[in-house]
Structures are given as structure tokens and as C-alpha cells.
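Q: The amino acid sequence is not available; the structure is as follows:
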């Protein structure tokens, strides 16, 4: 029951922030419910897929997800995830916490330093974005109108996505903590599009790693089932919230959640 | 709700062929999630029906979450034990459907881009699909 409740919250957060909920599931299961880190990561990878598919069904229809951007960056993230999943068997649990904490802290800092944020404006579209048609528009519920955008600095986005893929394979989180800032701050996509597109992508990245985890016996059905159900219900609620939320509010929440999780994981790793 | 969904669909359709692709992928995801949820719920129901003591005993529950706990984790085990209506295996089957859903949507995207005759993206998406399939094959061999 406790696992279900935690996962419900994780689903809401995951769907709104594009983080997949793994960022909440891993600390909650290990720190609050004292579940083995191996099972916690296995369950979180399931939660990432659940958030992605549950929320994706809604976001794709609303054109909040940019399918082209997601497919291009996924070539980098899936390759990276394969590498990371194998390294996870080699790298120790203690270092995973520290690495996780540092990565999240960096993402939080980056988000915090750009409070206003160039939400899809101010960057010139590059050659790749033009050729690969990395643009779109969506209806913003809070702004009450269509918002059009074009991507820029595509090669940087690709490189960071590759690194995010390795992280996700290592830690069992979808790497959304890296991809949302990468798409928003580097590629200049609106934060909501970055969040929804990251959400869409992390399911695929997680699925790439999940096969490995499943066969290795890291996905305990008894732990993963309440996580999956909770996250699916939570993700459905989350999609409604994101539609209406203002970009600045979203950014503030994003920064706070990242900072909190970073501190939590660093403390755990350094103990 | 139906009317709302309909108007959203119309809105997407006005953007041309991309609208159809979005509807296709959205439906794929929805069905994958619903199938998985149904299996997981059914499995959990079977589990608790066959182990009524779990409602009261904390020890029996903690044994299941122990690092040494035993549960089906290969395709063969899940298939055989699900056929015997083993609750844990049915839950695992549901989780497998969930894991397969994003892969099915990548496969769906290949079809979608092919319909749009966007060959660059057909190639990119096929690469992602192959990388995903490779991860399953390698994962099976490694585990």
C-alpha cells in the first residue's frame, strides 16, 4: 500500500516534469521502505516505462511531444543505455548514489541559474534542425494559445543525450534529469515540450535497459507491480496538471525537486 | 470526454499527415498500458486469493522483497508459470507487456514515417528499433 501511494505521487511528478518518476521511486523505496537498491532500480525502470507510456498516450495526441526530436535523440540514448546497463554490474552501489547525486545537483543548478529561461526563443535554428524538420507547435492551456518553436544546437543535444543514455542504464532512471535541461536550455525547446518529449523518450531508453534487468532477476514482480499501477494512475493525473501549468511554475518545481533529490542521494552515498 | 477527444483529434488532423501518426502512436501506447494493467491487477488478485495469510503476516510479505527472493524472470518461466495461473508469473507477464510497449511504439513510428515517406526518419527509427532488440538479445545472453 505504501509503495502504491509513493508510486502514485511519483507518477504525477514524472508526468509533469518528464523525469519518469524513477527519481522519486529509487530514493523512496531504498530510504523509506528499506528495499534492496537492486530491486529499487529494477522497480524504478518499470516506473519510468509506465510514466512514459501512460503520459505519452496523452501528450502525443496533444502535440506536446515532438516525435521527430525524440526519435533523433533516441538513437543516442538507446546506444548509451546499452553501455550503461552493463557497467551497472561492475560499478558499486555506493558510487551509484554519489554519481546520481552529483548529476542531479548539476541539473538543478543549471535550471536555477536560468529562472526566466529562453523558452523556445532567442536561439537561431541550426542546419540540422532545418534539414531534420525539428520544429512544431502546441496549444498551451495556461497561455491560452498556440506556441511555435524550432530546435537549435542539435549536435550538442545529441551528445548530451548519449551521456544521458549511459546514466540511465547505470542508475535505472530514464536520464530525464539530463534530457529536459538539454532540450530546454541547450536546444531551446519550450520547457513543456522538453518535458513531454523527454517523457516520451525515457520509456524507450528504460525499455532498452529493462530487458537486461529483467533477465538478471532485478525486477521483483511483487515490488514492481504496485509501483507500475501507482505510477500509471499518477501519470494520468500529471498530464492534466502540465497542460494548465505556467512555465515559470514548472521550472521552479523542477529545480526544487532536483535539488532535494540530489542532497538526499549524496548524503546516502557519503555516509 | 468523447467529444473532447474528438475535437483534439480534429485539431491534430489539420496539421496534415503528422496527425495520423500521432493518433496511431497514442493508441498503441494506450492499449499497451491497459493490457499490462489488466494482467498485473489479475495477477495480484490471484496472488492474494491463493495466499490469504499475506493479509496478516508481515514476515511472509518481507520474504518476498528479500534480496534472495525467488520469482520468475525469464520468458520461459513467465510463460510456463502463467499457464498454471501462478499469480506472480501473471504479474511478471503484465510487466513484460509494459516493457514491450515502448518498443512497439518505436516499431509503430517506423511504419508511421514510412507512410509519410520520410526516409531519413525511417532509417533513424529503424536504428533505434535494432538497438532495442539488440539490448534484449544481449541481456538474455548475459543474464
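A: On my side now, so go ahead. This one's a predicted model, so the numbers in the text were calculated from it and none came from an experiment.

Q: contacts and neighbour counts: CA atoms only from here.
A: OK.

Q: Check residue B:103 and give its pLDDT.
A: On pLDDT, residue B:103 comes in at 90.

Q: And for it, the neighbour number?
A: For residue B:103, the count of nearby residues is 21 (other C-alpha atoms under 10 Å in any protein chain shown).

Q: Correct me if wrong: residue B:74 contacts residue A:215.
A: Yes - between residue B:74 and residue A:215 there is a contact at 5.5 Å, judged by C-alpha atoms under 8 Å.

Q: give me the number of residues near residue A:241?
A: 16.

Q: Kindly state the pLDDT recorded for it?
A: Reported pLDDT for residue A:241: 85.

Q: which SSE is it in?
A: Assigned by DSSP states H and E, residue A:241 falls within helix A:221-244.

Q: Give me the buried positions along that helix.
A: For helix A:221-244, a neighbour-count test (16 or more other C-alpha atoms under 10 Å in any protein chain shown) marks A:221-243 as buried.

Q: pLDDT on the helix or strand just after it, on average?
A: Counting by DSSP H and E, the element after helix A:221-244 in chain order, helix or strand, is helix A:247-270. Averaged across helix A:247-270, pLDDT comes to 81.

Q: counting contacts, what elements does helix A:247-270 pack onto?
A: Applying 3 or more C-alpha pairs under 8 Å, 6 or more residues apart in numbering or on different chains; DSSP states H and E, we find helix A:247-270 packed against helix A:22-27, helix A:93-113, helix A:191-216.

Q: from the chain's centre, how far out does that helix sit?
A: Relative to its chain's centre, helix A:247-270 lies at 13 Å (C-alpha atoms, centre = their mean, to the nearest Å).

Q: for stretch A:241-257, same thing?
A: Computed by C-alpha atoms, centre = their mean, the chain-centroid distance of stretch A:241-257 equals 14 Å.

Q: Buried ones in that stretch, by neighbour count?
A: Across stretch A:241-257, burial judged by 16+ other C-alpha under 10 Å covers A:241, A:242, A:243, A:245, A:246, A:247, A:250, A:251, A:254, A:255, A:257.

Q: close to chain A, is the lengthiest helix in chain B?
A: As assigned by DSSP state H, the longest helix anywhere in chain B is helix B:18-50. Yes - using C-alpha under 8 Å from any C-alpha of the partner chain, helix B:18-50 reaches chain A at B:22, B:23, B:25, B:26, B:27, B:28, B:29, B:30, B:33, B:37, B:40, B:44.

Q: So residue A:180 sits against residue A:191, correct?
A: Yes - between residue A:180 and residue A:191 there is a contact at 7.5 Å, judged by C-alpha under 8 Å.

Q: ok, those two, which is more surrounded?
A: Between residue A:180 and residue A:191, counted using other C-alpha under 10 Å, the more crowded position is residue A:180 (30 against 25).

Q: Who are the contact partners of the more buried one?
A: A:18, A:191, A:194, A:195, A:198 (C-alpha atoms under 8 Å, 6 or more residues apart in numbering or on different chains).

Q: okay if I get these as CSV plus pLDDT and distance to residue B:133?
A: Formatted as CSV, the contacts of residue A:180 follow (pLDDT from 0 to 100; distance: C-alpha to C-alpha, whole Å):
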residue, pLDDT, distance to residue B:133
A:18, 66, 24
A:191, 84, 31
A:194, 88, 26
A:195, 86, 26
A:198, 88, 21
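
Q: lowest confidence element among the helices and strands of chain B?
A: Sorted by mean pLDDT, DSSP states H and E, the helices and strands of chain B end with helix B:2-13, the least confident at a mean of 45.

Q: follow-up on the earlier one: and the helix holding residue A:241, is it in reach of chain B?
A: Yes - judged by C-alpha under 8 Å from any C-alpha, helix A:221-244 and chain B are in contact via A:221, A:222, A:223, A:224, A:225, A:228, A:229.

Q: and the angle for that helix with helix A:191-216?
A: Orientation check (axes from the mean of the first three to the mean of the last three C-alpha atoms, to 10 degrees): helix A:221-244 against helix A:191-216 gives 170 degrees.

Q: packing partners for helix A:221-244?
A: Secondary-structure packing of helix A:221-244 (3+ C-alpha pairs under 8 Å, 6+ apart): helix A:2-17, helix A:37-61, helix B:18-50, helix B:87-115.
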